[in-house]
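Chemist: With the sequence up front, the predicted model follows.
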Protein chains: 4
Amino acid sequence: MRTVLMTGFDPFGGESINPSWEVVKQLEGMHIDGCRVVTRQLPCVFGEALSVLNAAIDELDPTLVIAVGQAGGRVDVTVERVGINVDDARIADNIGQQPVDVAIVADGPAAWFSTLPIKAMVAALREAGVPASVSQTAGTFVCNHVMYGLLHKLADKPGAKGGFIHIPYLPEQAAAHPGAPSMAAQTVKQALEIAIAVGLRQTMDIKATGGATH
Amino acid sequence: MRTVLMTGFDPFGGESINPSWEVVKQLEGMHIDGCRVVTRQLPCVFGEALSVLNAAIDELDPTLVIAVGQAGGRVDVTVERVGINVDDARIADNIGQQPVDVAIVADGPAAWFSTLPIKAMVAALREAGVPASVSQTAGTFVCNHVMYGLLHKLADKPGAKGGFIHIPYLPEQAAAHPGAPSMAAQTVKQALEIAIAVGLRQTMDIKATGGATH
Amino acid sequence: MRTVLMTGFDPFGGESINPSWEVVKQLEGMHIDGCRVVTRQLPCVFGEALSVLNAAIDELDPTLVIAVGQAGGRVDVTVERVGINVDDARIADNIGQQPVDVAIVADGPAAWFSTLPIKAMVAALREAGVPASVSQTAGTFVCNHVMYGLLHKLADKPGAKGGFIHIPYLPEQAAAHPGAPSMAAQTVKQALEIAIAVGLRQTMDIKATGGATH
Amino acid sequence: MRTVLMTGFDPFGGESINPSWEVVKQLEGMHIDGCRVVTRQLPCVFGEALSVLNAAIDELDPTLVIAVGQAGGRVDVTVERVGINVDDARIADNIGQQPVDVAIVADGPAAWFSTLPIKAMVAALREAGVPASVSQTAGTFVCNHVMYGLLHKLADKPGAKGGFIHIPYLPEQAAAHPGAPSMAAQTVKQALEIAIAVGLRQTMDIKATGGATH
């Protein structure tokens, strides 16, 4: 049976929960399109997050890997297009590291594009009534670090696809951040199930604009 | 048995649903703190909305009236502080009326403050994990029209309290408006139940800041 | 010779300058449409701000009074529509006062509408290439306090018009607040000159929408 | 004498001016730090923009190249970190082309990082009172196309540095887009002069965070 690996993160930046793990853990053991979903929680720590992720990939040999992270302040589910080869931490990670302009992989390419069908995912999410869009940047913190590292790892595994999805705060987090948008856990769970199904079925992405003028 | 009157609106502005009515109608017949909830749908029409509302108040003699409206673009549940005596329509209402700088009540006061315990409501909502805030403006469209008209009507009924709550788009609406925040119907329903309970129990508002510097 | 009274504020909220005074002071002694411009700096202090303002009005007997204040975070010149009879301070004023839900004038009306031709001002500003809009709320801090108090005072002086204009941060302020919009002092100065000219010439406001749906 | 090449764009997206060219053309012939500034206007056209740019580089052999573009909706001067190898046009370019997910350089790397001292530029701009920040995405339209193409071209010229700077609308543009932030031409001109000076003097970038958590 094929395996889908879904990851969420530890809380960071003063939050007591991370919506990515709160929702991802609910997917553990599900079966979608004949595949088994396995979940892992990644520490919000440069380096260590990739060690845990890479070990899981080696152990599980997944067909599809979607790393999920919190994007506090974003309004919708954002499917990331690209991870770039740089760590530039505006805040410290969970063990106090704060790299500035350091390459993730010393001799790696400048960027890796998601190998997920990102346009098809956004189209399917909107079709299902879930606010979603393509994002042109995953930032330069641990989320981008994991996205880049994941795609670098999968570059050697032609049978596996992977990428990154950012999600908004949960309502209970936004209640403590006046002005911040949020999305219910139930909506996010629905979104991730759709993303998995599309990621498994859609071998080629669809031709649909998801660009930004800037 | 005391009655709580909750109102939602018809869809407007090109939407096929209005989240206020989608959620308010789910409250019909509920009992909260020994009160019966009655719901009414108001047309998004200057004048007519108030006729329907006033008739319902005359018929039901409610203890508490909360009018609910859609605020597409807002991130949270906003409890309105004040309704002002002016209609200034940026878009036409549902029968094509577009008044500009017309008083709602010709010889009425410039404004009516909500008689709901707005600070207590916001505090209770946040405590329950629902993003919420006090809003200093209900706009100048049919929502403000209804808020002002409601409070003008209730000024003669010292035993009744009333006010207005704005809610975000539902996710299925925001899916068609990239960049717009949303809130799940379930979260909004929870919010309105809390607002009713607080509105019934809290005879005086709490002392808590809900202000804005501008 | 008729007099126009323009006021700006002391810095507040941790800023070392207040753009309203930085620009208003540049108007001192100008002649616009045969009127002399007199400027005053108001302390960002509940009560005291109105004492200084009222004394200036008594002394100068102005034809037109425009109070100007900083709205950090707003993108354009906003001509305020209405001042409401409540102080609700999210932050302390410059002498540490932080009133919550206190009436500005104990037995005053709930609100006063600006007597400036606010739509004509916005139209003229945009025509001149200055980003501008009508604002439906001046907040609940010292700016609203001054706007309400000013209009309450002018209610006894049928020959005088008055109101409030909010302006964005200056670029040098926004440079210290990443993400905050700004407007150059020169653009704001041009805006205030236009506002004065329109305020003097336009006895009736124009019929143009400046409303908000919420 | 060393040459600095500055480019701005044709108007696009329904605008009658493009702030990038409005300001860049004012720099023509200036001397900064002993270098001569030469300016060129690029068509907002995929492919053609790079032809014009590459011809100018071949002709002028510049030490420093900064392409400047309009980012309507952004609040500050944004120094771009990275250009990615994809065209994904949300709107058509000036000759009606609307590529979706097409590589800019068929066998090019996934991305090129700016070779400008982007952190030093942002620090110097803020120091001078100009709102500025590092941007993690130049979008996927003609601006990113030019940034990527420029850096691909300069990869063969180790003596030359280059990158991209996005600027907000001018006030006269924002006056027609209520809600949009803007920046005065004079402020943008000052910003570009600072960027040139820093680009010429600063051989290594400074160590300063300019990252984003997402």
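Modeler: Received, thanks.

Chemist: What residues does chain A have near chain B?
Modeler: Counting by C-beta under 8 Å from any C-beta of the partner chain, chain A comes close to chain B at A:75-76, A:125-126, A:128-133, A:171-172, A:174-184, A:186-187. Heads up, the C-betas are built off the backbone N, CA and C, glycines and all.

Chemist: Selection in ChimeraX covering whichever of those residues are buried, please.
Modeler: To isolate the buried members of the residues of chain A next to chain B in ChimeraX, using 16 or more other C-beta atoms under 10 Å in any protein chain shown:
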select /A:75,76,125,126,128,129,130,131,132,133,171,172,174,175,177,180,181,182,183,184,187
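
Chemist: and the residues of chain A next to chain B near chain C, which?
Modeler: Checking these against chain C (C-beta under 8 Å from any C-beta), there are no matches.

Chemist: So which of the residues of chain A next to chain B sit within strands?
Modeler: Among these, the members falling in strands (DSSP state E) are A:132-133.

Chemist: which helix in chain A runs the most residues?
Modeler: For chain A, the helix that runs over the most residues, judged by DSSP state H, is helix A:185-201.

Chemist: how much does that helix deviate in direction from helix B:185-201?
Modeler: 180 degrees (axes from the mean of the first three to the mean of the last three C-alpha atoms, to 10 degrees).

Chemist: quick one: helix A:185-201 near chain D?
Modeler: No - figure legend: helix A:185-201 not in contact with chain D (C-beta under 8 Å from any C-beta); closest approach 15.1 Å.

Chemist: And for that helix, what's in contact with it?
Modeler: Under the contact criterion C-beta atoms under 8 Å, 6 or more residues apart in numbering or on different chains, helix A:185-201 has outside partners A:2, A:4, A:6, A:19, A:22-24, A:26-27, A:30, A:32-33, A:35, A:37, A:63-64, A:66, A:68, A:77, A:79, A:116-117, A:120-121, A:124-125, A:128, A:130, A:132, A:161, A:165, A:167-168, A:170, B:171, B:184, B:186.

Chemist: what's the spacing between that helix and its chain's center?
Modeler: Distance of helix A:185-201 from its chain centroid, counting by C-alpha atoms, centre = their mean, to the nearest Å, is 12 Å.

Chemist: What average pLDDT does it get?
Modeler: Averaging pLDDT along helix A:185-201 yields 98.

Chemist: in that helix, what counts as buried?
Modeler: Within helix A:185-201, the residues that qualify as buried are A:185, A:187-200, counting by 16+ other C-beta under 10 Å.

Chemist: what does stretch A:155-162 give?
Modeler: For stretch A:155-162, using 16+ other C-beta under 10 Å, the buried residues are A:160-162.

Chemist: That one spans what distance, first to last residue?
Modeler: End-to-end span of stretch A:155-162 (C-alpha to C-alpha, to the nearest Å): 10 Å.

Chemist: So which residues of chain A form helices?
Modeler: A:19-24, A:48-60, A:118-127, A:142-154, A:171-174, A:185-201.

Chemist: closest one to B:Leu50 among those helices?
Modeler: For the helices of chain A, proximity to B:Leu50 was assessed by C-beta to C-beta; helix A:171-174 is nearest, at 32.6 Å.

Chemist: wait, does that closest one contact chain D?
Modeler: No - Helix A:171-174 is not in contact with chain D by C-beta under 8 Å from any C-beta; minimum separation 14.0 Å.

Chemist: Can you show me the CA trace of that helix as PDB?
Modeler: What follows is helix A:171-174 as a C-alpha-only set of coordinates in PDB (Å, rounded to 0.1, in the frame of the first residue of the first chain):
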ATOM      1  CA  PRO A 171      -9.900  30.800  15.500                       C
ATOM      2  CA  GLU A 172      -8.700  30.300  19.100                       C
ATOM      3  CA  GLN A 173      -5.300  31.700  18.200                       C
ATOM      4  CA  ALA A 174      -6.700  34.700  16.300                       C
END
